[in-house]
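Peer 1: here is my input, please return the structure:
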Amino acid sequence: MPWLFYYSSDAVSELQREAIIDQIYKFTKDQSGELDILAARYTLHGSFLGLKEISDGSIQLCVESLVAAHKTFTFGTRIRQSCQLDVAELMRHEEPLFFDLYLRFTNSQRVKQMYPLPVVNENIRRTGGYPNREERPAQWILTRRFFLVDAWSLKEGEIGNWTALRYASNIELNIEMVNTRDGKIYPPYLRIVYDELRANDIVPAKEVDASFSIRYYTNPFRHDKDLEIAMAVLSSLTVLWSALRAYSWGRRAGKAVFDVATLIQFLLFECSFLGDVFLFVTTVTVCWLTFAYKAQTALFYMQLTDSQESTLMAYLISATSLKFVALLHRFVSLMLTETFFIDWERPKVLPRSDLDRPASLDPIKYDGAKEQAVVIWRTYLVANEWNELQNYRKTSMAVQVLAMVFFLDFLHWKDLAIWQPGFEIGKRERKRSIIKLFCFLDPISSSFASSRVSRLAVSLFFYFAIGFTQWLLNVFIVERILLDPFHNFIDLCSIANISVLSLSHPLYGFYIHGRSVHGWADTGMAEMNEFLQRERDNLVGMRGLESGGELQTYYVSLPLSFRKRYSDLASASSIDASGATARIQNVDPTTIQISSRARTHAAMNRFLQDMVEHSLPEVDYTIRERTMAEAALDIELSDSSQMGVFTRDHSESAFARCFVYGNEWAKLSFEALLFSIVFVYTSSVPLAAVITYVSAVSLRMLASMMFTNHLVKSRIELNP
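Peer 2: Next up is the predicted model:
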């Protein structure tokens, strides 16, 4: 005689019987890869109707097809079915059927056995409470028998006169793996929730929600402990690394002591590095668990519980927030970069036409000669090219989002997020609706369930895979074979006879030596072609800063005296302009201001020329190689407070750090996180692509406007 309640044991003891089911389950296509569950069916009056496999959907109110119902019980496949049922369908169940579930398995002696599965009915009420709704099983009351729809016991009189109709709105089959990770399971149990429709709600056209799910899980302690250790260790290291970066920033900014500005920089660096740690640990964890779960045969890795998923989602949201702060910090730093274009062109000497003596290029020797001002258009040209490099990137945002939509949505690779053995894709029935393509809900109707963790794994894996592929192709193929904008810019500087000093910090930056080996650049096409031919034939000197060298790019660490002189010259323009206004009343103020700026620019240009040529002992510098430690830590280990240091940049691309190109990771990582968050919570790849693309383009346009405005306002020669 079957029993209805578990009287002889409590719920914990019953659900934690480790050796009672000794079959080893695997991700294979034989019996060890299937959940073989039978249902004993009984009528309302207790008559036994026989045993039946539930793989035909007999205990499911939501069944898409017999094929889907059969695959539902493939071991390791996570299922989440939901549907809306007409009340008329529920009313057709005139007499309820009752079910007892049994797990059929083959023991270690290869003998088939059956084990009864308990039921956790959340509607059971005792002493004013619902013990089966508690999270811990200690208070649970286990039962054996359940039904799907009861349209009989609550009717009055003839069929159709119901006072209430009760149905199973949520059924969940739970399978917990034994912690030994050898493929054994604890006794599964069925969790069920009943809803009730009162008499005035029993309308045939009314729709109600129903769901069925299968969940696999294990004790989360081991995973949680590993995650805590990884986060604690790496987060501690970020504090040390942030302190080192703040110390380096203080030296480059000329800070003698630790102050509030240095503390703010430390916190901003910590945001960036801590966001990277959260992103790295989360990405490795979710990708490893998802893809290792699908690739395994002997069961070792398991799906995460809801609480574990919530923890990882908290890390994901925290990483996105921290990376956004870090991105803003990076953009502000780029915007505040000070750039000066050093024009090496000398004024041309024009003789007076009314004198018969031969012209001399030296106005001191020949009183009749006059100087012709150096034209500014070469500086404008170089500055414009510099500004166009500001938002040049190693990856294309349009290619990125189109590739994500193509691979994940069109080729259905997002099916890899389904919790099931193997890497099969394209098995689900899809509704090809253009309207649904951009909706907030998943446009795919499926019983096979993904989770937040698996969707996160798929989105991050493919986003970084596509992004890094673009990165490598651009750096190692496009820029080396087709187009290298940064080396082209260096060539332009050499032809234009203009050097560039870009200070990312008050005393630190990058120098491009663009002094022409021909002596001047204001010339015609024919002479310029002759210059280039002479350079091709090695008939002139080298372009490099050092005698006999070709290297044109350097890291610069400048002495404190440089900053004082530089700031004095930069502030002289406004002082001169205000004094001139007071003296000259009949001249337009704009004319006075431009005249003052022209004089200041000439003085600044002369000062920087003298510094580069070692003509100023108080701001002199030495040239040396960058040590391995300095390159690894990105810090200067020598003292440059009295004597500046120019460190050779053999890559000839270090100055790209002044642009978005040199800070690609800050943008790529934030965009990956943004795309993943949208995809995780909406399951829509096109929607995630649109939001990420619009956000990236808007941010790029805003940054471009800010970069250009700051370049114009901060550069004396560009600001009218």
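Peer 1: against residue 673, how distant is the closest residue to residue 414 other than its chain neighbours?
Peer 2: Distances taken as C-beta to C-beta, 6 or more residues apart in numbering place residue 408 nearest to residue 414, at 4.2 Å, with adjacent residues excluded. Bear in mind the C-beta positions are built from the backbone N, C-alpha and C, glycine included. Per C-beta to C-beta, to the nearest Å, residue 408 is found 16 Å from residue 673.
Peer 1: those two - which one has more neighbours?
Peer 2: Ranked by neighbour count (other C-beta atoms under 10 Å), residue 408 and residue 673 place residue 673 first, with 28 against 24.
Peer 1: now the element after the strand or helix carrying that one, going C-ward?
Peer 2: For residue 673, the host element (DSSP states H and E) is helix 664-682. For helix 664-682, the following helix or strand on the C-terminal side (DSSP H and E) is helix 685-714.
Peer 1: pLDDT (mean, whole number) over that following helix?
Peer 2: Helix 685-714 shows a mean pLDDT of 90.
Peer 1: how many other residues sit next to residue 686?
Peer 2: Residue 686: 19 neighbours (other C-beta under 10 Å).
Peer 1: could you do residue 501 as well?
Peer 2: Residues near residue 501, counting by other C-beta under 10 Å: 21.
Peer 1: for it, helix, strand, or coil?
Peer 2: Following DSSP: H, G, I helix; E, B strand; the rest coil, the label given to residue 501 is strand.
Peer 1: quick check: it vs residue 486, distance?
Peer 2: According to C-beta to C-beta, residue 501 and residue 486 sit 16 Å apart.
Peer 1: residues touching the nearest residue to residue 118 once chain neighbours are set aside, list them.
Peer 2: Nearest residue to residue 118, sequence neighbours excluded (C-beta to C-beta, 6+ apart): residue 142, at 4.1 Å. The contact partners of residue 142, taken as C-beta atoms under 8 Å, 6 or more residues apart in numbering, are 5-6, 11, 14-15, 118-120, 189.
Peer 1: and residue 113, helix, strand or coil?
Peer 2: With three-state DSSP as the criterion, residue 113 reads strand.
Peer 1: any idea how many residues pack against the closest residue to it other than its chain neighbours?
Peer 2: Nearest in space to residue 113, with sequence neighbours left out and distances taken as C-beta to C-beta, 6+ apart, is residue 107 at 5.6 Å. Residue 107: 12 surrounding residues under other C-beta under 10 Å.
Peer 1: how close does residue 543 sit to residue 655?
Peer 2: 16 Å.
Peer 1: before we move on, what about residue 96?
Peer 2: Relative to residue 655, and taking C-beta to C-beta, residue 96 is found at 78 Å.
Peer 1: okay, those two: which has more neighbours?
Peer 2: Neighbours were counted for residue 96 and for residue 655 using other C-beta under 10 Å; residue 655 has more, 27 against 17.
Peer 1: tell me which residues touch the more buried one, please.
Peer 2: Contact analysis of residue 655 by C-beta under 8 Å, 6+ apart lists 486, 500, 502, 510, 512, 553, 649.
Peer 1: where does the prediction get shaky in the stretch 451-600 of the chain?
Peer 2: Along the stretch 451-600 of the chain, the model assigns pLDDT under 70 to residues 572-590.
Peer 1: hmm, I typed the wrong one, I wanted the chain.
Peer 2: Those would be 1-2, 8, 64-71, 93-94, 154-162, 350-371, 426-448, 572-590, 714-720, if you go by pLDDT under 70 across the chain.
Peer 1: just the buried residues of whichever strand in it runs longest, please?
Peer 2: Across the chain, the longest stretch assigned as strand under DSSP state E is strand 164-176. Of the residues in strand 164-176, 165-176 count as buried by neighbour count, 16 or more other C-beta atoms under 10 Å.
Peer 1: dump that strand to CSV, restricted to CA.
Peer 2: Once non-C-alpha atoms are left out, strand 164-176 reads as follows in CSV (Å, rounded to 0.1, in the frame of the first residue of the first chain):
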residue,chain,number,x,y,z
ALA,A,164,-12.8,26.7,-7.2
LEU,A,165,-10.4,25.2,-9.6
ARG,A,166,-6.9,24.1,-8.4
TYR,A,167,-3.9,23.5,-10.8
ALA,A,168,-0.1,23.1,-10.5
SER,A,169,1.2,26.4,-11.6
ASN,A,170,4.9,25.5,-11.0
ILE,A,171,6.6,22.1,-11.0
GLU,A,172,10.3,21.8,-10.5
LEU,A,173,12.3,18.6,-10.5
ASN,A,174,15.5,19.0,-8.4
ILE,A,175,18.6,16.8,-8.8
GLU,A,176,21.5,17.4,-6.4
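Peer 1: next, the angle from the helix or strand following that strand to strand 164-176.
Peer 2: Sequence order places strand 189-198 as the next helix or strand after strand 164-176, per DSSP H and E. Interaxial angle, strand 189-198 versus strand 164-176 (axes from the mean of the first three to the mean of the last three C-alpha atoms, to 10 degrees): 160 degrees.
Peer 1: neighbouring strands for strand 189-198, and are they parallel or not?
Peer 2: strand 119-121 (parallel), strand 164-176 (antiparallel) (DSSP bridges).
Peer 1: turn those into TSV, columns for distance to residue 217.
Peer 2: Below are those laid out as TSV (distance: least, C-beta to C-beta, whole Å):
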stretch	distance to residue 217
strand 119-121	15
strand 164-176	6
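Peer 1: which one of those strands lies closest to residue 342?
Peer 2: Of all those, strand 164-176 sits nearest to residue 342, with 71.3 Å by C-beta to C-beta.
Peer 1: quick one: distance of the closest one to the chain centre.
Peer 2: Offset of strand 164-176 from its chain centre (C-alpha atoms, centre = their mean, to the nearest Å): 38 Å.
Peer 1: and stretch 245-254, by the same measure?
Peer 2: 28 Å.
Peer 1: what's in contact with that stretch?
Peer 2: 258, 261-263, 265-266, 269, 273, 504-508, 557, 560, 563, 633-636, 641.
Peer 1: now the longest helix seen in the chain and helix 664-682, what's the angle there?
Peer 2: Assignment by DSSP state H gives helix 260-295 as the longest helix of the chain. Inter-element angle recorded for helix 260-295 and helix 664-682: 50 degrees (by the same axes, to 10 degrees).
Peer 1: from now on call the first residue 40
Peer 2: Happy to do that; since the first residue is 40 now, the last one works out to helix 299-334.
Peer 1: tell me the buried residues in helix 299-334?
Peer 2: Quick answer for helix 299-334 (16+ other C-beta under 10 Å): 301, 304-305, 307-318, 320-322, 324-326, 328-330, 332-333.
Peer 1: from residue 734, how far out is residue 741?
Peer 2: Distance of residue 741 to residue 734, computed by C-beta to C-beta: 11 Å.
Peer 1: so these two - more neighbours on which side?
Peer 2: Using other C-beta under 10 Å as the criterion, residue 741 and residue 734 rank with residue 734 on top: 16 against 11.
Peer 1: what's the neighbour count on residue 59?
Peer 2: 15.
Peer 1: that's a helix at residue 665, yeah?
Peer 2: No - going by three-state DSSP, the assignment for residue 665 is coil, not a helix.
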